[in-house]
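Undergrad: heads up, no residue letters with this:
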């Protein structure tokens, strides 16, 4: 069944993380879902949270919810940070009526109103809980046989609120890739923080956090770390050289988005899911899987 | 560490009282924020925090300092700025305290009080982020990073040349920012929201030593426990 979503790519997916954007669009298309990008969406606000007034940060992110509500659709937000910020705004507006009144007064200045009817969804949630693994299974064209996968969920899609998976031990990606024939390695740091923006403000600390994520993947024999968030992805990918300079070699692991790995399993061409945008070598196993022809 | 907050138990300096008032105002905006009263000092937050090893006050000590009337120490700490808001403490707290949101409230309190910070770079990044958002409607990472390092460590900018090249080669470099069409509407929304905030801003209370411990948090809206 085709379901339509108001697609909210977020700022980093526009360009620097185009691999995530392209693979979300293509995998959803392959599974018969329709993504309609929210016209003229604005930045969700992310870390702005602390430096401006509450009403301002809520109004900025609520503009996107109001635009989606006009389309009559739920929001699909792949970036973990956007997902958390938009969900949080939604929850506050629905829980505190005074706040909703104030935010709506501000939105009126831009010709908008938000009644509170839009839900904010993450692609992993939609894939596993709406579309469902049984619907995905017949679309799997390439088995991920033998690929050892470290599923990295990061913080913001599983915390702070109980969203769509367990907060301490989420399993949706594990289930997804097992169904594709992959081998999920023991990855005890699957929800441990990558440091996010600390890579800019407290680099030393962030390098250590990311080193631990890489080391655990290596120790457990992973061929690849699979991510769900542009910030985690960027820290693990772009700083991998630097981490090895500080902590020594032997920490290299390819990093790809979960929608890219799903795209490989669905038989999508590697250019269409942005595999050509990776900084790091993808390794022989992924490369040969992505190039494998299928009947 | 110099404890300037409390002169004597039960007595507070004016600046302590003001900081507390501003912080408590922020706490009101956190759903279930008043649960901070329920801290049992177990240290689960500190044990769960991936960066507590790099903090000067652990998250548990942070709450203890607030309770003891020592906001000044909290404002000067590295802790509130190094929190990466991963919410590990919040999900595990047995008393249901929204520790991450409490730390956000402390960040705001510090920025509003314009306290000299041990980590001014965090505030700088947040401010640049806002101005970026205000001018384009979307974040342009290139502009943000360039401005940030120009104001902090300009020499580090050269270190980004290889990264920029890699981004360029993989067609991931956004050379120019994307501007949204409704920039005017967005700034009208922002201006109105600022106006609403000012309208709602409380008049400062006269100095009072009332707020020691959890006073000032209002009545606890807690479920009654058996036998009480």
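TA: All right, it came through fine. In this text, all values refer to a predicted model and were calculated from it rather than measured experimentally.
Undergrad: report the central residue of chain A.
TA: residue A:228 (3.3 Å; C-alpha atoms, centre = their mean).
Undergrad: which ones are touching that residue?
TA: A:78, A:80, A:122, A:124, A:152, A:153, A:154, A:157, A:173, A:257, A:258 (C-beta atoms under 8 Å, 6 or more residues apart in numbering or on different chains). C-beta coordinates here come from the backbone N, C-alpha and C atoms, glycine included.
Undergrad: can you rerun that using 10 Å?
TA: Residues near residue A:228 by C-beta atoms under 10 Å, 6 or more residues apart in numbering or on different chains: A:20, A:78-80, A:83, A:122-124, A:151-154, A:156-158, A:170, A:172-173, A:257-259.
Undergrad: residue A:291: neighbour count?
TA: 11 (other C-beta atoms under 10 Å in any protein chain shown).
Undergrad: which residue, other than its chain neighbours, is closest to it?
TA: Distances taken as C-beta to C-beta, 6 or more residues apart in numbering or on different chains put residue A:270 closest to residue A:291, at 7.2 Å, once the chain neighbours are dropped.
Undergrad: check residue A:42 too.
TA: Nearest residue to residue A:42, sequence neighbours excluded (C-beta to C-beta, 6+ apart): residue B:137, at 4.5 Å.
Undergrad: chain B: strands as residue ranges?
TA: Remark: strands assigned in chain B by DSSP state E are B:6-8, B:11-12.
Undergrad: if you average pLDDT over each of those strands, which is lowest?
TA: Mean pLDDT values for the strands of chain B show the minimum at strand B:6-8, a mean of 56.
Undergrad: where are the low-confidence patches of chain B?
TA: B:1-11, B:201-228 (pLDDT under 70).
Undergrad: how about 80 then?
TA: Within chain B, the set of residues satisfying pLDDT under 80 comprises B:1-13, B:28-31, B:114-115, B:200-228.
Undergrad: domain map for it?
TA: Domain assignment of chain B by automatic domain parsing yields the ranges B:11-118, B:121-200.
Undergrad: and what of chain A?
TA: Residue ranges for the domains of chain A, per automatic domain parsing: A:4-121, A:140-291.
Undergrad: with mean pLDDT added, can I get these in a markdown table?
TA: Converted to a markdown table, these look like this (pLDDT from 0 to 100):
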| stretch | mean pLDDT |
| --- | --- |
| domain A:4-121 | 93 |
| domain A:140-291 | 95 |
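Undergrad: contacting residues for residue A:105?
TA: Counted by C-beta under 10 Å, 6+ apart, residue A:105 has contacts A:55, A:59, A:113, B:189, B:192, B:193, B:195, B:196.
Undergrad: let me know the helix or strand that it is in.
TA: Element membership of residue A:105 [criterion: DSSP states H and E] is helix A:97-108.
Undergrad: what of residue A:35?
TA: strand A:34-37.
Undergrad: what strands flank that strand, and is each parallel or antiparallel?
TA: Strand A:34-37 sits in its sheet next to strand A:4-7 (parallel), going by DSSP bridges.
Undergrad: can you name the next helix or strand after the partner strand?
TA: helix A:11-14.
Undergrad: and the helices in the chain?
TA: Because you didn't say which chain, this covers chain A. For chain A, the helices defined by DSSP state H occupy A:11-14, A:18-30, A:54-71, A:80-95, A:97-108, A:123-125, A:133-136, A:172-179, A:198-201, A:203-219, A:230-238, A:240-247, A:258-265, A:283-291.
Undergrad: wrong one, chain B
TA: Taking DSSP H as the criterion, chain B contains helices spanning B:14-28, B:44-48, B:59-68, B:71-76, B:79-82, B:88-92, B:99-113, B:120-136, B:141-151, B:161-169, B:183-200.
Undergrad: tabulate these (TSV), appending distance to residue A:204 and mean neighbour count.
TA: Shown next, in TSV, are the helices of chain B (distance: least, C-beta to C-beta, whole Å; neighbours: other C-beta atoms under 10 Å in any protein chain shown):
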stretch	distance to residue A:204	mean neighbour count
helix B:14-28	29	19
helix B:44-48	20	19
helix B:59-68	20	21
helix B:71-76	21	22
helix B:79-82	11	24
helix B:88-92	20	23
helix B:99-113	20	22
helix B:120-136	13	19
helix B:141-151	16	17
helix B:161-169	18	13
helix B:183-200	35	17
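Undergrad: next, format those helices as TSV and append distance to residue A:187.
TA: Formatted as TSV, the helices of chain B follow (distance: least, C-beta to C-beta, whole Å):
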stretch	distance to residue A:187
helix B:14-28	36
helix B:44-48	18
helix B:59-68	26
helix B:71-76	35
helix B:79-82	25
helix B:88-92	16
helix B:99-113	24
helix B:120-136	30
helix B:141-151	28
helix B:161-169	27
helix B:183-200	41
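Undergrad: how near is residue B:193 to residue B:28?
TA: The gap separating residue B:193 from residue B:28 is 18 Å, by C-beta to C-beta, to the nearest Å.
Undergrad: sorry, that was for residue A:117
TA: For residue A:117, the distance to residue B:28 - C-beta to C-beta - is 27 Å.
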